[in-house]
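Enquirer: below is the sequence, then the predicted model.
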Amino acid sequence: MGSLTDDIRAAAARVAREARSVRIADARIESYARELPPEAPPTPDLPDADDETRAAFSLQLNAINFGSGWFPTLNKPPGLSGFRTIERGLRTRGPWTAKQLRALTREDVARTFGQDPEHELMGLFALHLNALGTKIDGSFQAFAAAHDGVEHLATTLAQWETWRDVSPYPSGDVPLFKRAQIAAADLALAGLIAPTGLERLTLFADNLVPHVLRLDGVLEFDDDLRARIDAGALLAHGSPEEVEIRATALHAVELLVHAHPRATTASALDWVLWTRGGEPRYKAHPRHRSRTTAY
Ligand SMILES: Nc1nc2c(c(CN[C@H]3C=C[C@H](O)[C@@H]3O)cn2[C@@H]2O[C@H](COP(=O)(O)O)[C@@H](O)[C@H]2O)c(=O)[nH]1
């Protein structure tokens, strides 16, 4: 058992080698790497709030930074993506205290995010926020600061049941831990924990970055898989093709980091690719959808 991110990188490389439905266009890596700006703009948080509120906001946002498989069924304000809808709801209300999280109901959550209380995602969000409340003994900032760096914090979160993100695969389990890693990265970029080890994080394996990589010709999906995605069919979370999309994208970004003419990191390229995914030419085509609490 190496470090969390060593294990993730090794598993993703294994899947990229064995994948049947997704391939990396190796000839595209060099030229594509040169097109990507190496530096990551800072991620948004609550700029004028105190550090406790900022730490609470960031950890609560990433505790529920999932649901992309349900996003087409969410009430979304005009021009806002699924994630941005959730982010705005939390930003408007402000984060809860740990004590409030423990008592939170799906009605409270639905009201905060402008959704139907009966929506399955509101029940899942409530559960994940309740669970977070039981893990934080008062101060979110103290919890974060008790960690000596990014990989240490990601490793702690990865051990919490509601942050688990490990998929089955014929040759063995595939840990990807998208939310544990992005939560640690966000706290470091917000200056709330030391950025030690930020360069060791991998891609945050969601559904948008693989979509950008496919449309830009870095990943190739087989015809059957592409047809199912274009038809808006849900992929089963943990199915071989769903694991291959996420893990092969993660490995492709490792190759892009190494091929990049400047020093950069997987989390920096993640931000570039994820924000690029908000552009019309990417939004014009369906990306894969899977109903999971992982992304
Ligand atoms: N790879 C990667 N995936 C990310 C993010 C974010 C937002 N994070 C930053 C923004 C503010 C915070 O400061 C965070 O740093 C959300 N997602 C994923 O996207 C999907 C939703 O997409 P759409 O349907 O378009 O909203 C969903 O699976 C969600 O989990 C990221 O940064 N990288």
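Expert: Yep, it's here.
Enquirer: so which bits of this protein are right by the ligand?
Expert: Counting by Cβ under 6 Å from any ligand atom, the positions of the chain adjacent to the ligand are 43-44, 65-66, 68, 71, 81-84, 182, 186, 204, 206-209, 270-271, 274, 295. Where you see a C-beta, it was placed from the backbone N, CA and C, and this is true even at glycine.
Enquirer: now list the buried members of these.
Expert: Among these, those that count as buried by neighbour count (16 or more other Cβ atoms under 10 Å) are 65-66, 68, 71, 81-83, 182, 186, 204, 206-209, 270-271, 274, 295.
Enquirer: among those residues, which are in helices?
Expert: Among these, the residues falling in helices (DSSP state H) are 82-83, 182, 186, 208-209, 270-271, 274.
Enquirer: closest to Phe140 among those?
Expert: Asp186 (12.3 Å; Cβ to Cβ).
Enquirer: from Leu61, how far out is the closest one?
Expert: 8 Å (Cβ to Cβ, to the nearest Å).
Enquirer: check Gly94 too.
Expert: Going from Gly94 to Leu61 by Cβ to Cβ gives 12 Å.
Enquirer: relative to Glu120, how far out is Lys283?
Expert: As judged by Cβ to Cβ, Lys283 and Glu120 stand 24 Å apart.
Enquirer: which stretches of the stretch 101-250 of the chain form strands?
Expert: Here the stretch 101-250 of the chain has its strands, by DSSP state E, counting those that start in this stretch, at 166-167, 174-175, 219-221.
Enquirer: and these: which comes nearest Lys76?
Expert: Proximity to Lys76 (Cβ to Cβ) singles out strand 219-221 among the strands of the stretch 101-250 of the chain, at 26.2 Å.
Enquirer: packing partners of that closest one?
Expert: strand 22-24, helix 208-215, helix 240-259 (3 or more Cβ pairs under 8 Å, 6 or more residues apart in numbering; DSSP states H and E).
Enquirer: rerun that using 10 Å as the cut-off
Expert: Contacts defined by 3 or more Cβ pairs under 10 Å, 6 or more residues apart in numbering; DSSP states H and E place strand 219-221 against strand 22-24, helix 208-215, helix 223-230, helix 240-259.
Enquirer: list the buried residues of the last one.
Expert: It refers to helix 240-259. Here helix 240-259 shows 240-257 as buried, counting by 16+ other Cβ under 10 Å.
Enquirer: more crowded one of Gly94 and Leu61?
Expert: Leu61 (23 against 13; other Cβ atoms under 10 Å).
Enquirer: hang on, that one in a strand?
Expert: No - with DSSP: H, G, I helix; E, B strand; the rest coil as the criterion, Leu61 is assigned helix and is not in a strand.
Enquirer: OK, contacts around it?
Expert: Leu61 makes contacts with 44-46, 83, 86-87, 89-91, 95, 179, 182-183, 186, as judged by Cβ atoms under 10 Å, 6 or more residues apart in numbering.
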